[in-house]
Every structure is written in C-alpha cells, then in structure tokens.
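In: Following is a predicted model, sequence given first.
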Amino acid sequence: MNKLISTVSPHFSTKRDTTHIMLDVILALCPAAIASVLLFGWRALLVIAVCVGTCVLSEFLFEKLCKRENTISDLSAVVTGMLLAFNLPVTIPVWQAVIGSVVAIIVVKQLFGGIGQNFANPAITARIIMLVAFSGEMTRWVNPVGGFFDEVSAVTGATPLVAMSKGLPLPSYLDLLLGKHGGSLGETCALALILGGLYLLIRRVITWHIPVAFIGTVALMSLVCGQDVLGQLLSGGLMLGAFFMATDYATTPNTKWGKIIFGVGCGLITVLIRFWGNYPEGVSYSILLMNILTPYISRLTRSKPLIGGAKS
Amino acid sequence: MKLHGIHVPHRKNTADSAPVRLAPPKTVAIPMSMHIGKPAKVIVKRGDEVKVGTKIGEADGFVSSPIHSSVSGKVQKVDEITIMNGMKVPCVLIDSDGEQTPDEALAPPAVSDYQSFVDAVRDSGSVGLGGAGFPTHVKLTVKDLSQVQEVVINAAECEPYITSDTRTMLDKSDYIQKGIELLRKYLGVQKFIIGIENNKPAAIAKMQALAQSVPGMTVMALPSIYPQGGEKVLVYNTTGKLIPKGGLPLHVGVIVLNVTTLAFIAEYMETGMPLVEKCITVDGSAIKTPKNVIVPIGTPVADLIEMVGGTKEEPAKALYGGPMMGIAIPSLDSPVMKNTNAIIVMGKKEATPPKTTPCISCGMCVNHCPLRLDPREIALAYKKNAPEDLELLHVDLCMECGCCAYICPAHRPLVQTNKLSKAVLRNYQNAKKEEK
C-alpha cells in the first residue's frame, strides 16, 4: 500500500510567507536608504549596516543561547535594523548604534517571546531609550553634506520642527520633500518614504487605514491650530512613522476600525507633543503610547462574526 | 456588506475535457455511508447476483439514503471500511462481470404530486453531489411550501481543479432545464437563481441561453473569489440573505441545490436509473493526463488513476474533492463515492505542507474570513483550553473553507485548530446541557 500524506485541509497555501512580506518591507525602505546616502553621505550606509548587522547577530545569538528555533531567515531583524538606523542621526557613534540594536532585538523583541509577541515596536522603543541614554548624540543634527545635491556644508543645523517651534525660517517645501534638511538619516526624504509606503499599499503588506488616519489627523489638527499644514506633514518622522512604524503587525490592531482608532490616536499625540510639549517631535512617543493601548483597542474593535438574525 | 474571501489559483485544466465513460473496474467497493446521516443497511449477501441499479443498501431512517449497485456481477463479500469521520461502516464488494447490465426492474418513477416527487428523489439515492453529501430528499422536505421563495442552484465550483459541474452545465443543460421545471411543478417555486463563478464563460453563456426559455431563471456570474460556492456565501451573494448561525437556507426561504444534483434528479425521473456513476475530475500534479471521466461509484482510486493513464510521479497525497476543502484519503484503495466530484493526486512537492512559523499577528486570517471569525483568537483560546471564550468567538460558525490557513504567511494550521476547537466547544455545550 502506498504511504500517502494525510493532513487536514486546505492542501494548498499561499507562497507569500513571512519572509516574503519582510522582503517587501525591505524593498519599500530602499528608496529612503538610497536617499539617506545621497543626502548624508556614506556614513549613512555605515550606520544602516551596523544596525542591521547587530540586529541579525543579536537575534541569532540570543536564539542560539535560549535554544529557540532560529528565525533570522524571516528577515524581520533586518527590517528592525533598517528602521532603527533611519531613526538615528548620521553622526551617531557606532558603539551607540550597536547598543540600540541590541536593545531593540533582545530587550524589546526576544524577551517578550520573539516575532509577533512583542507589545511595542522594537525600533521605536530602542530609539526612545537611546534618546534618554545618549541625548547629546541623539539630537546632534547635521544638514545634508554637499557633493550629491549641492554645496551645503556639514554644519550642525536645526531640524525643521525645531525651526518652526522657534519661529526660524523653514526650508522650502521642495527641500522638505526631497529631504534637504536636518534630521534622522532616514526620515528626511518624505518623497522616498511616500514611494515606499505606496509600494507597501500596492503589495497589500499594509492597508491605508493607519497611514491615512495618522497623517490625516496631523493635517487636520495643524489646520485647526493654525500651523503650517504642509510643513508639519513633511517634517520630522511623520512619513516614516505613519507608513513603516505604526503599521507593524504585532504591535497594532488588526481590524479596520482598530487601525483607524490607532492612527487617529497617533496623530493626536503627535500634535500634542509637537505644539505643546517640551520635545519638538512626538511621532515616536505617539506610536509607543498607542502600542501600549493596542490590546484594549483590539478588544473594543474585535471582528464581529456573521451569526445572522435569529432562526425563524 | 461584502463577504471576504481569497483569490486561489483556478487550475481548471479539464474545463474542455468532455467526460469519457470508463469500463468498470474488476471489483467495486461501495460503502454504506456516502452521505450525511445514518449509514444504509446492507440488504445483499455474499454470492448474490446484482445488476446496475440493484438496491444493495436500504436507507436507515429519514436522514439516510439508499445505495445501489454500480456494476453487474456478484457480491464478493460484505466488508467493513473506515470512512472519513473515523466511523467503521459496512462496505459491499462486488465483482463486476464487465457487462454493465441494467436491472430490469428499473423504471421511471410514477410522480404525480409533491410527496411522490420527494419519495422518488429519496429512491434515486441522490445526495448533495457538490461534495457535502446531504440527502437531497431531506433538503426538499418542507413542511410549508409557501416558505420557499427561491431556489439557488450552486454552480460556482470555486475549488481549484474541479470542472465536473462545468461539464454538467455544458453537456446536460437540458436536464438542468427539466430539473427546474420539476421543482416549479412540485414545489411551486417560481424563482431560480444559478450562481456561476465568472471563470467559466462557456458555462455562463450556455446557462444564459437556457434562461431565455426558462421563466423565472436568472444567471448570476459571480466574482471568482473563493469560497463563492460555500452555501452561506452563495446564498448571501445571490439573494442578499444571511443564513443564521446553526440555521438552514430554508430559514431565509431558500433551497440550495448543486447543479449536478439538480440535473441528476431530472435524469432519474426520465430513466429510473439511480445514482450509480459519477462524473469526476481527475487532476493534480501527479496525474499524467488530467481529464473528466464517468466511473461507477465504488471504483478504487488506484484503478481510476490507472484508467486515466497513470501518474507521472509517485503519488504523495490523494484527495476526495479539491485542494481547499478536499479530504486526504488514507490509501489509493479508497473508493469513489457518491459525493466525490474530483480525485486530486499530488506529487511530493505539491503535497508537502509548508513549514509552520510563528504567528506574526498580521490579521490576514481575520480579514479574509468570509464569516468574520478571528482564527488567531480562536487558536489562543484553544491553547488555553477555554471553551467559554470559544463560544464567544463563535467558532461553531466556521465552515472550514480554509481561507485563513491558505492566506496565513506563517502557514499555521488554522483549520485544524478550528476543527479541534469546535470539538472542545461541542463537548462543553453537551456537558452544560446535561447539567441542566
């Protein structure tokens, strides 16, 4: 008698697995990565490489140590590394980038059970921890170096959000869009981030709900508060946050309404911090705070099974 | 409101393959349970001479179905067979004489009113041929006929590979028409909707031409989104009515019949030949020449594969039905049954399930479930062994269509968890009832 495989249906499945999804996210991050090198020079690439390398290595070693199944091939550690690097100034000392990456993977992700189990976004949480631990280095912004676009010298400069809060002149909208202003290395080029976000939407890695709710709320609140709407949208980490960080699967709600509530919440907290807080930027904090609320939002917005009316 | 679903590959390789009638195998094995309900009672014994259409199993009670010999020959023995739900049922093995002589006693049934029509349907041995195998006469038994507002004819055929319903529409449209007229005459229904997935343009054209001459018949070309042919999904998408949990289509005034079942009933009324053969799609990566064939019920799958030209690689998995909801058979000795509409034989590559990885909480399962269940939460509740939670999550609503497991990027066995969860919930609810 032939030995046949006997499993429960379905006997078919999509080829799109976790690795494919992460690969899509990596691809979507590539335009911004290229922009960061063009804007800030080769050191941007170094920071990205250090973060990615450290993230993958710490995941590998931690899982080895704990005798867990190795998951580096799902590429999620690469995504975390890229996102963390995008959130750092290009001048960050390498050893600090290494510590940040270790914190992201081991403390925020692995100690909570690994992929899919962490309650907070590893890259964002690591960035916030670094902001507290290395506040000097983490806020030393440089303007984009020359050579690639134009002859701007590598002087320290204020980010547009700081400029706005101090009433200093803002870079032109075009410069904001292209990223020719101070900021974290991967957050300045709004155009590249929007392109990547659109790619994620087209590939259905993410849905429109969180980015639209997040960006929409910031736009609306800026309008209501009499702020420069376009300036607010194109500055700081909003595009990076709305498309790439607030759409992380494990730490955000799954349902349509849950996502909308999450996005609106992120938007509100962001503008609260930006307009009235002590910090010039609030995207990271808003996402972390909403991450913490996610289980409650999920419970409130659970999918309602179609049980139909009463049997007549 | 839109019901969610998934895009699956169609692989309708055999849509243009007109079914070929195969010679009977040397021996057929006919189980007494090829339907939902009580197994039939064997009424033949070893050595009995039977012909095609001779009754060999008597329906045991209302929700059951009679069973007929599919070959002419001699009863070799009455054996036992383990069917898919793990139950052991009697199985009649008949050695074929190769003649396929029909039983002389067979004659078109005398049908004059609703009751005699339903009786004739029961005697035909008809069960849901789409795969579920629910006895047709039970479906047609309605206390108050005015309750039935419309009949939905299920011709969606949303499973990959399978084209046997497509062939019914292309080759037996006259019987579909006659079937509709029978239902109009004896059930008094005036509205007939046939739902077909739009990946079958030839069948849609044929049915639209038919609808010209059949009053009250509507053809609906439906998007090819699996599980379009799931009963709840089809009824909702054709009539806008949602069948309540635990309810039947009748609760919303609808009777659903598979298109091949309908054509078979009409054919039976004309010929008196009960359900003894099936048109089956034989396909899958291991099959050399995929095609549609007509074979006697009880034909062993191994014989069937041989008769269509064999395999091009070692069979690693064989299915009754399609890859989304089909059942993996334990061995190639398993027979073709009444409700078998396809035999899919997979080679090693197609058959090997992908590796399961950790859940990444992407929510794909929730967002693709046609009935909006939350398979991820169900899996957590199952792991916690919390039947109260499973009850709140309505896991008993799950129709096991497989969308969640198909779409899951971590390839988690979500249908399996749902099935197990349903059993946990059933035990819990039964225990609660007993307490009261």
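Out: Sure thing, it's come through.

In: so what's A:Ile128 up against?
Out: When contacts are counted by C-beta atoms under 8 Å, 6 or more residues apart in numbering or on different chains, A:Ile128 is found next to A:Ser284, A:Tyr285, A:Leu288. Every residue, glycine included, has its C-beta placed from N, CA and C.

In: out of those, who's nearest chain B?
Out: Nearest to chain B among the contacts of A:Ile128 is A:Leu288, at 17.2 Å by C-beta to the nearest C-beta.

In: Which positions in chain A make contact with chain B?
Out: Residues of chain A lying close to chain B (C-beta under 8 Å from any C-beta of the partner chain) are A:1-2, A:4-14, A:16-18, A:20-21, A:71, A:74, A:76, A:114-117, A:249-250, A:254-255, A:302-312.

In: Give me the PyMOL select line for these, limited to the buried ones.
Out: Those of those that count as buried under 16 or more other C-beta atoms under 10 Å in any protein chain shown are selected in PyMOL with:
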select buried, chain A and resi 4+8+9+10+11+12+13+14+16+17+18+21+71+74+76+114+115+116+249+250+254+255+302+303+305+306+307+308
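
In: mind checking pLDDT for A:Met1?
Out: We have a pLDDT of 47 for A:Met1.

In: Report the secondary structure state of B:Phe264.
Out: B:Phe264 carries the three-state label helix when classified by DSSP: H, G, I helix; E, B strand; the rest coil.

In: ok, it touching B:Ser124?
Out: Yes. In terms of C-beta atoms under 8 Å, B:Phe264 counts as a neighbour of B:Ser124; the distance is 7.4 Å.

In: Return the distance of whatever residue of the stretch 101-250 of chain B ends up closest to chain A relative to A:Leu223.
Out: Nearest to chain A, among the residues of the stretch 101-250 of chain B, is B:Pro244, at 3.5 Å (C-beta to the nearest C-beta). Distance of B:Pro244 to A:Leu223, computed by C-beta to C-beta, to the nearest Å: 46 Å.

In: How about A:Leu293?
Out: For A:Leu293, the distance to A:Leu223 - C-beta to C-beta - is 25 Å.

In: if we can go back for a sec, now tabulate the contacts of A:Ile128 in CSV and tack on neighbour count.
Out: Shown next, in CSV, are those (neighbours: other C-beta atoms under 10 Å in any protein chain shown):
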residue, neighbour count
A:Ser284, 25
A:Tyr285, 19
A:Leu288, 19
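
In: Poorly predicted segments of chain A, please.
Out: A:1-2, A:145-158, A:310-312 (pLDDT under 70).

In: Tell me where the stretch 51-200 of chain A has helices.
Out: Listed in chain order, the helices of the stretch 51-200 of chain A (DSSP state H, counting those that start in this stretch) span residues A:76-86, A:94-102, A:122-133, A:135-138, A:160-166, A:173-178, A:190-202.

In: how about those in JSON lines, adding distance to B:Val28?
Out: Compiled in JSON lines, the helices of the stretch 51-200 of chain A are given as follows (distance: least, C-beta to C-beta, whole Å):
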{"stretch": "helix A:76-86", "distance to B:Val28": "54"}
{"stretch": "helix A:94-102", "distance to B:Val28": "67"}
{"stretch": "helix A:122-133", "distance to B:Val28": "62"}
{"stretch": "helix A:135-138", "distance to B:Val28": "78"}
{"stretch": "helix A:160-166", "distance to B:Val28": "79"}
{"stretch": "helix A:173-178", "distance to B:Val28": "74"}
{"stretch": "helix A:190-202", "distance to B:Val28": "53"}
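
In: in chain B, which helix has the most residues?
Out: Criterion DSSP state H: the longest helix present in chain B is helix B:414-435.

In: can you pull the contacts of the closest residue to chain B within the stretch 51-200 of chain A?
Out: Of all residues in the stretch 51-200 of chain A, A:Gly116 sits closest to chain B, at 4.2 Å by C-beta to the nearest C-beta. A:Gly116 makes contact with A:Tyr249, A:Ala250, B:Pro358, B:Cys359, B:Ile360, B:Ser361, B:Ala410 under the criterion C-beta under 8 Å, 6+ apart.

In: Which residue comes closest to A:Val229 once chain neighbours are left out?
Out: A:Ser222 (4.6 Å; C-beta to C-beta, 6 or more residues apart in numbering or on different chains).

In: ok, now B:Ile255?
Out: That would be B:Val151: by C-beta to C-beta, 6+ apart, it lies 5.0 Å from B:Ile255.

In: Parallel or antiparallel, list what pairs with the helix or strand hosting that neighbour.
Out: If you go by DSSP states H and E, B:Val151 is part of strand B:150-154. Strand partners for strand B:150-154, identified by DSSP bridges, are recorded as strand B:192-197 (parallel), strand B:254-258 (parallel).

In: Give me the residue at the spatial middle of chain A.
Out: A:Met245 (2.6 Å; C-alpha atoms, centre = their mean).

In: wait, what's in contact with the residue of chain B found nearest chain A?
Out: The minimum distance from chain B to chain A, using C-beta to the nearest C-beta, falls at B:Gly363 (2.8 Å). Residues near B:Gly363 by C-beta under 8 Å, 6+ apart: A:Tyr249, A:Asn254, A:Thr255, B:Arg376.

In: which of the residues you listed lies closest to B:Val252?
Out: Lowest distance from B:Val252 to these (C-beta to C-beta) belongs to A:Thr255, with 26.8 Å.
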